[in-house]
Each structure stands twice: as structure tokens, then as C-alpha cells.
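Enquirer: Let's see this in three dimensions:
(5 chains)
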Amino acid sequence: MIIARILGTVVSTQKDERLAGKKLLIVKPINLDGSDQSGYLVSVDTVGAGFHEKVIVVGGSSARLAEGNKDCPVDSAIIGVIDSFEYSK
Amino acid sequence: MIIARILGTVVSTQKDERLAGKKLLIVKPINLDGSDQSGYLVSVDTVGAGFHEKVIVVGGSSARLAEGNKDCPVDSAIIGVIDSFEYSK
Amino acid sequence: MIIARILGTVVSTQKDERLAGKKLLIVKPINLDGSDQSGYLVSVDTVGAGFHEKVIVVGGSSARLAEGNKDCPVDSAIIGVIDSFEYSK
Amino acid sequence: MIIARILGTVVSTQKDERLAGKKLLIVKPINLDGSDQSGYLVSVDTVGAGFHEKVIVVGGSSARLAEGNKDCPVDSAIIGVIDSFEYSK
Amino acid sequence: MIIARILGTVVSTQKDERLAGKKLLIVKPINLDGSDQSGYLVSVDTVGAGFHEKVIVVGGSSARLAEGNKDCPVDSAIIGVIDSFEYSK
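Expert: Residues are numbered from 1 along each chain as shown, chains lettered A, B, ... in the order given. Below you'll find the model as predicted:
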């Protein structure tokens, strides 16, 4: 999984019906020092994460194992809001 | 998932029979500021997206969960046309 | 999926038995302008593609959904010979 | 799989219920000479690895095959503590 | 799949029980001209490959389809020893 922060939202009306009601968020992977990585992902929020919160993002087929994503065509899901993380080199 | 825009089409006659009738589009991943990323993907359109529209693209095994792709040998699918997206740093 | 062209072949005698009879080709991903990308893949031909032809290559678990690859330990398959592709920026 | 060393931990209260009780560690991929690679991963420890130990990390759907991860929304798992590794160019 | 050569071995005692008895090798991806690529992988040998031999390596969930890897938490497997490969630009 990666650590990312929530930057924004994507609005789509004409979409796969299994995406109905799902919150599609734009998340930006971050480094351990809190700085942004390049790139971004569109990820399904499954834990009620808030704007600019740091979150855990899972990718690939495991995104379909997140709550509510069973059999959905999604490859990225937010599965946790991060309280804190700590590390030492 | 990623955000991409539709650039073109691929025509193939001699192909896996489960690709019959599928619309294979060339999509280009874009950055949040709308600029192009390098690279491209060939993706199956499953939502009737139009030329140059911005779309949501799912990758990996989840592409087979998109409408009509069950058991198809595809690793990328267009699953939504984007109305708008917004973000703040 | 990606677009690649066929460069060569790999010969292996001591191999997983489910690879028996499979044609293992060396393919090179190309850019939309036809130029080569760096890198290469070893991919199972499932459509009878010819040397130097442009082909559609699928990756990951979906390569096992290509004709004849069921339950095979392969992560890349050629699933179509490209007649043409067109795009506009 | 890759070789990584354990750098730290992630604490998350508001998370997918299938993550309850799982130890989420920050791991840093390393090169064969022991130097750090760029980047990091959040990985589920399934073998009781200790701080700063070198470990084997599996990614993708196979992370769900690690002990205790069945049907969990995780894409990275620590599956072994490394006693030693040796190589010659 | 990719072409790699075998560089070394990884020894792990404290590990997932489904890794018991598996030979974990360090492999280095190579270019078509035989030169090394950067990086390496830890891969399960399933074909009895020898030190410094060139091999075919499969990644992702398909590594679990290699002989003896069913339901194992592995994402890379050696599935063939390469006799030769040939290509022309």
C-alpha cells in the first residue's frame, strides 16, 4: 500500500453502473517526509476520508476487497485514514 | 484509476475472438493540470466515450469487471466519462 | 494493453510443462509515432502473429484469458495483429 | 518479491475492518549492496519481523495469500525475515 | 515475462510456511544485448535453474500458476531455462 493525501474529486455521470454512489477521489502519493510525489491516482473512498487527510491506498485486484467494492471495476481504494506514522532511517 | 483523454483507435482483424465487437481506443494519461503525460494505453471503451473526452481508466484484472469484459483478455478499460474534476493543493 | 512489434523468439527446453508448444516471442513496445520504446517483453503469441508485425499485447492476469493460456504461468500475451491505428493530438 | 528493510509503522483507527489487528509497517526496498532504493511501501507483517530487519516482501494479489491475509484489501505483505543473501555478478 | 540471469540466493528461516522448501533466487533482468538492467527480483525457481543461467521470469498472480506455487504468497517465478533467444531490429 502507499500513503497519499486527498486532493480532490472526480465527477462522472456516464459511467459503469457499479460505480454508482461511489466517491471517486483524487489522491496524491506522498513521501515519508510528507512531500508530494509526482503523479496522482483516482481512488474509491471506502472509509469516509476527509479532504487533505493522509490515507492508506491499496492498488490492484485487492482494491476490490475493500468494503463495498466487490466485483467493481476499480483498481485503487482508500482503506484507512492515517492517525500517524513514524519511522527512523 | 487514472484520468486520460481519448486520442484514437486501433483496428485489428486477426485477434482473440473475445475482442470481437470491442472498441479499442488509444488513450493518453493526463496530469491534473490537463497536460499530457508521456506514454499511452490501448483501452476497451465500455461507456460509449467520445473522441477527445476525458475519461476514467481502470487497469489490471479489474478491467475485466467493466461492463461486457467478463473473461476477456483485456487489462485496461474506460469506465467513466468525466464531467469535471477539481482539486486543490 | 500496449502496442508492440515482434522482434524475435525465445527457445527454452527446460520449462514449465504448461508452456509446452507455446510460441514465446520477444516484443518491443512502440510509441504512437512508431518509434521503439526502451525495454522489451517475452509474450505468448495466441493469434499467429508474424515477424515484425505490430500487435496488441495484454499483461498481467488477463494474459491467461487469451486463447489457450488458461491456467498457464504467463503474464503477457499477444491478442491481436494490428491492421492500423490512428490518432490525433 | 523484493528485499526491503523495516523502517517504521503506520497507525490508523478509521480503517477497513479487515485490517483490524494487522501490523502495518513502512518498508524500504534495498539494493543488493544494502543501500536504500528510493520509495517505500506500507506492508502487512505476517511473520513477526522486527524493526530494521531485512525482509522479503510480496506484492499484488499474492499478498492476500500470506498467512492471515485471506480476502483482505492489502497489496503488500512481509512473508519472510532474511537470514542472509548472497550473490555474485 | 522477462529475461533474467540468476545471481544468487536468499536464505530465510522465519517465513510463511508455504515457502518451506522453495528455492528463492536473486535474479537480474537483462537487456536483449545481454547487459544487465538495474534492479533485481527475488523469484521462486520452479524448473531447477542453475547459477548464472538465463531464465524466463513470470510476475504477478501468474507466478502462482507455476509448478508447485499454487496458493503460495509469491509474485515472481522462474518458469524456463533459456537455451537461446534471437531477435533482429
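
Enquirer: Spatially nearest residue to the residue of chain A found nearest chain D (excluding sequence neighbours)?
Expert: Here chain A gets closest to chain D at one residue, A:Tyr87, 2.7 Å apart by Cβ to the nearest Cβ. To be clear about C-beta, it is placed using only N, CA and C from the backbone, and glycine gets the same treatment. Nearest residue to A:Tyr87, sequence neighbours excluded (Cβ to Cβ, 6 or more residues apart in numbering or on different chains): D:Gly8, at 2.7 Å.

Enquirer: Convert the C-alpha atoms of the strand or helix carrying that neighbour to CSV, please.
Expert: Assigned by DSSP states H and E, D:Gly8 falls within strand D:2-11. C-alpha atoms of strand D:2-11 as CSV (Å, rounded to 0.1, in the frame of the first residue of the first chain):
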residue,chain,number,x,y,z
ILE,D,2,11.8,-7.7,-3.3
ILE,D,3,14.1,-7.3,-0.4
ALA,D,4,13.4,-4.4,2.0
ARG,D,5,14.1,-3.3,5.5
ILE,D,6,11.6,-2.2,8.1
LEU,D,7,11.6,1.5,8.8
GLY,D,8,8.5,2.2,10.8
THR,D,9,4.8,1.8,11.5
VAL,D,10,1.5,3.3,10.4
VAL,D,11,-1.3,3.9,12.8
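
Enquirer: re earlier: how much space is there between the residue nearest to A:Tyr87 and chain B?
Expert: Relative to chain B, D:Gly8 is positioned 26 Å away (Cβ to the nearest Cβ, to the nearest Å).

Enquirer: Equivalent analysis for A:Val10, please.
Expert: 4 Å.

Enquirer: likewise A:Val81?
Expert: For A:Val81 relative to chain B (Cβ to the nearest Cβ), the value is 19 Å.

Enquirer: tell me the contacts of that residue?
Expert: Contact analysis of A:Val81 by Cβ atoms under 8 Å, 6 or more residues apart in numbering or on different chains lists A:47-50, A:53-56, D:12-15.

Enquirer: repeat for A:Asn69
Expert: So A:Asn69 contacts A:44, A:46, A:63, A:77, D:73 (Cβ under 8 Å, 6+ apart).

Enquirer: Flag every residue of chain A that's near chain B.
Expert: Residues of chain A found near chain B (Cβ under 8 Å from any Cβ of the partner chain) are A:7-19, A:24, A:26, A:40-43, A:60-61, A:63-64, A:71-76.

Enquirer: again, only using 6 Å
Expert: Listed as neighbours of chain B in chain A under the rule Cβ under 6 Å from any Cβ of the partner chain: A:7-8, A:10-16, A:26, A:40, A:42, A:60-61, A:71, A:73-76.

Enquirer: So which of the residues you listed belong to strands?
Expert: With strands taken from DSSP state E, the overlap with those comprises A:7-8, A:10-11, A:26, A:42, A:76.

Enquirer: Let's see if you can find the most crowded of the residues you listed.
Expert: Neighbours here mean other Cβ atoms under 10 Å in any protein chain shown. Within these, the largest count is held by A:Ser76, at 28 neighbours.

Enquirer: what number of residues lie near the residue lying closest to that residue once chain neighbours are set aside?
Expert: Using Cβ to Cβ, 6+ apart and skipping the chain neighbours, the partner closest in space to A:Ser76 is A:Ser43 (4.0 Å). Each residue near A:Ser43 was counted by other Cβ under 10 Å, and the total is 28.

Enquirer: Also A:Ser35?
Expert: For A:Ser35, using other Cβ under 10 Å, the count is 7.

Enquirer: Parallel or antiparallel, list what pairs with the strand holding D:Gly8.
Expert: Under the criterion DSSP bridges, strand D:2-11 sits next to strand A:84-87 (antiparallel), strand D:24-29 (antiparallel), strand D:54-59 (antiparallel) in its sheet.

Enquirer: buried set for the first one?
Expert: When you say that, I think you mean strand A:84-87. A:85, A:87 (16 or more other Cβ atoms under 10 Å in any protein chain shown).

Enquirer: tell me the contacts of whichever residue of chain A sits closest to chain C?
Expert: Here chain A gets closest to chain C at one residue, A:Ser61, 7.6 Å apart by Cβ to the nearest Cβ. A:Ser61 makes contacts with B:61, D:61, as judged by Cβ atoms under 6 Å, 6 or more residues apart in numbering or on different chains.

Enquirer: Quick check, pLDDT for it.
Expert: If you check A:Ser61, the pLDDT there is 98.
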